[in-house]
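# Using only what follows, build the 3D model:
(chains A and B, ligands or ions: 2)
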Amino acid sequence: MERNKLFRDLRTSLIIAAWFSFLLFPLLVMKVSVTSGAALVRFRWERLPGIAVAAFALSFAWRRALEWNEARGDKPSGAGPIAALTARARSALAVKPIRLSVSAVLLAVVAVYPFALGMYHTNIMITALIYVILALGLNIVVGLGGLLNLGYAAFFAVGAYTYGLLWKYAGPAFVAAGVDPGWLFWIALPTAGVLAAVFGALLSLPVLRLRGDYLAIITLAFGEIVRMVLQNSGAVTGGATGISLIPRPWFFGLRLPPRQAATYIYYIAVALVALTVFVVRRIEDSRVGRALEAMREDEIACEAMGVDLVRNKLVTFSLGAFWAGIAGVLLAAQTTYINPDSFTLWESITVLMAVVIGGTGSIPGAIGGALLLKLLPEYFRPLAQYRMLIYGIAMILVIIFKPDGLFPRNRKKYTFEGAPSEGGASPAADGQEARR
Amino acid sequence: MSATDPILEIDRLSMIFGGLRAIDDVSLHIREGEICALIGPNGAGKTTIFNCITGVYRPTEGRVTIRRGSGQREAIQGLKPNVINRKGLARTFQNIRLFGNMTVLENVMIGRHNALAAGVLRAIARDAATRDEEERLIDDCRRILVKMRLDPFINETARNLPYGAQRRLEIARALATDPFLLLLDEPVAGMNPHETKELEETINLIRDEEKVTILLIEHDMSLVMNVSERIYVLDYGRLIAEGTPDEIKGNPEVIKAYLGE
Ligand SMILES: Nc1ncnc2c1ncn2[C@@H]1O[C@H](COP(=O)(O)OP(=O)(O)OP(=O)(O)O)[C@@H](O)[C@H]1O
Ligand SMILES: [Mg+2]
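Ligands and ions are numbered 1, 2, ... in the order given. Below is the predicted model of the structure:
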């Protein structure tokens, strides 16, 4: 039985190797060179064995991996070194002194990061943190609410342009009045969040009855429309050239040199990430968050249990958009220059990939996914041109072998002592939190 | 308005899908504290009636009215499912529709969505009132789960429950919405005889202790005959008989419909 399977895999892989050699023959083996008007075909036969062997090995490994995955069955969180390791880590973190010291170390690393590594790395980290906020926000929509949103970059744009336009139109007045224009950042931050949330609510109206593919298409169109509007209303938004010389955030009236400004923005970004995590966690573990999840699981049952779906979807889109708006202001402040090209469909898709690879519906997942997707290409520059290819392969691998993502959510569990009280008001239930 | 004034009344209800009359001029009523059954061959339109009552479908013709306590009679046809649920009608689904990736406790918590008030801002602030509310919620849900003998599974993911427990969880979730009328769509489908017997007791318990009126759809005739006080029989969307279990057993029309004469 087992040998039969092995034999079949070997045979299929051989066939595939032959087929690939045939398919890639004109591309990798044949080379046409045109010299003095005559085309000359050169055959690079030495390449053929390499193609065949690679195709065979890849195909065989892939088949074996799929079989292993299937044999593993429904319990991906079973045994295995990684699962054992996470379980060990989790139980260690449950001990208070360990948890405190780990947090302290983490905090220290985050605090000294810009001083230890300099401006270049600080700027990369700021970009990554902006994506962490985006991923956490999109995670509300896709992970909790289960609504696919491919136009998420539009809210990012709304945030960035709120700051940009505020600078462009209110900035001169600030300067004339002798007020530091850096103040604008702090005005733009809440304004952009609220404005993006309003846009989110607007988008939720036409998509109320849509799910799946249709929802994806409409949100995608929405994202493109917003970008097109920004690009084509040149008189207001500066069109394709965008808005430049956006001021950095105010810091006690000091005009910071770029290096210190980056450090400052870095700390603002860290604080905003912390705020986002705090808020999203609270929402997730509340009446509102549970209703969002129920909607993701089954809309019909959710509605039959008395949950208002219209309101739910409005809340989902607005909450998600709010954080994109915040992230947008941060982006404008960091780069001091924005144009519509920063808010293409690819931006939405990258954030979505971060959420899926990290773990849909998981806060550590959104953070980890965004950091991975933004930091790895920066530090493996030579691979940067294959970025999309690598992302794609990573997506496929994660979806097949680890559908919960790299950092899946650990559900809240409750422990109880004694029988439930009959009176109702007694807090016999002790909501023990085990989620991290 | 006497005590026997029905709490649910369906008046000349019709539901047409394209050319198909799935429900054809059906009238029925349920009085407070009753256990009624709705039976009929496959495709008779039983689930469609549930869907018309609970707002999943808007009936083509006819009225559905309810009366709560000593209140006024009000029409509910065409309202949205969540609005109808808030008025005190809760249901289960024939093809189980649990929130599969959520825990058993969380499933029941969703049932109590409207018993709670915290919105987004209060969820973020998590003030004393909100924490209190959550504590009471967990306590309430736990009591319901104990009643449905689901407390061993409390932290289990709903999708991983045994089949019978999934059906019971659907009932628990519906009960959490504080209904006065519970609509059960084939509650024992797929259960073994032992589980069926247990559920029969549970149904009686819900009626006697929770004071919830029950309308159930069921193919298991022994369950239907044991628990229900009145039975409605549906065939091809039309009501062909109504009466006590004994009357229905002897009704030639019903026998004909079931034997497919
Ligand atoms: N949404 C719909 N669109 C079109 N036809 C429908 C729809 N819902 C139900 N029907 C049809 O209405 C008829 C009654 O269906 P219904 O599900 O109510 O039957 P049922 O009595 O619950 O049967 P069962 O015992 O098999 O559950 C069937 O012929 C079905 O195909
Ligand atoms: Mg049915």
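# Helices of chain B, residue ranges please.
For chain B, helices defined by DSSP state H occupy the ranges B:46-53, B:81-86, B:104-111, B:120-125, B:128-147, B:163-175, B:193-209, B:221-227, B:245-249, B:252-259.
# so can I have JSON lines of these showing distance to ligand 2, mean pLDDT and mean neighbour count?
C-beta coordinates here come from the backbone N, C-alpha and C atoms, glycine included. Listed next are the helices of chain B as JSON lines, based on distance: least, CB to the ion, whole Å; pLDDT from 0 to 100; neighbours: other CB atoms under 10 Å in any protein chain shown:
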{"stretch": "helix B:46-53", "distance to ligand 2": "3", "mean pLDDT": "94", "mean neighbour count": "24"}
{"stretch": "helix B:81-86", "distance to ligand 2": "17", "mean pLDDT": "94", "mean neighbour count": "21"}
{"stretch": "helix B:104-111", "distance to ligand 2": "22", "mean pLDDT": "94", "mean neighbour count": "27"}
{"stretch": "helix B:120-125", "distance to ligand 2": "37", "mean pLDDT": "88", "mean neighbour count": "16"}
{"stretch": "helix B:128-147", "distance to ligand 2": "25", "mean pLDDT": "91", "mean neighbour count": "19"}
{"stretch": "helix B:163-175", "distance to ligand 2": "14", "mean pLDDT": "93", "mean neighbour count": "23"}
{"stretch": "helix B:193-209", "distance to ligand 2": "18", "mean pLDDT": "91", "mean neighbour count": "15"}
{"stretch": "helix B:221-227", "distance to ligand 2": "14", "mean pLDDT": "91", "mean neighbour count": "17"}
{"stretch": "helix B:245-249", "distance to ligand 2": "19", "mean pLDDT": "88", "mean neighbour count": "15"}
{"stretch": "helix B:252-259", "distance to ligand 2": "16", "mean pLDDT": "80", "mean neighbour count": "14"}
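# between the ones you listed, which one is nearest to A:R409?
Nearest to A:R409 among the helices of chain B is helix B:104-111 (12.6 Å), distances taken as CB to CB.
# quick one on the thing from earlier: so which of the helices of chain B is nearest A:E224?
helix B:120-125 (29.1 Å).
# Just the strands from chain A, written as ranges.
A:30-35, A:38-43, A:243-244, A:337-338, A:415-416, A:429-430 (DSSP state E).
# Can you say which of those is packed in most?
strand A:337-338 (a mean of 21; mean count of other CB atoms under 10 Å in any protein chain shown).
# follow-up on the earlier one: can I get the helices of chain B in TSV with distance to A:R381?
Output for those, formatted as TSV (distance: least, CB to CB, whole Å):
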stretch	distance to A:R381
helix B:46-53	59
helix B:81-86	53
helix B:104-111	45
helix B:120-125	40
helix B:128-147	49
helix B:163-175	52
helix B:193-209	62
helix B:221-227	69
helix B:245-249	79
helix B:252-259	75
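# Go through those and name the closest to A:V102.
helix B:120-125 (26.0 Å).
# So what touches the closest one?
A:V279, A:R282, A:I283, A:S286, A:R287, A:V288, A:G289, A:V315, A:L319, B:A129, B:T130 (CB atoms under 8 Å, 6 or more residues apart in numbering or on different chains).
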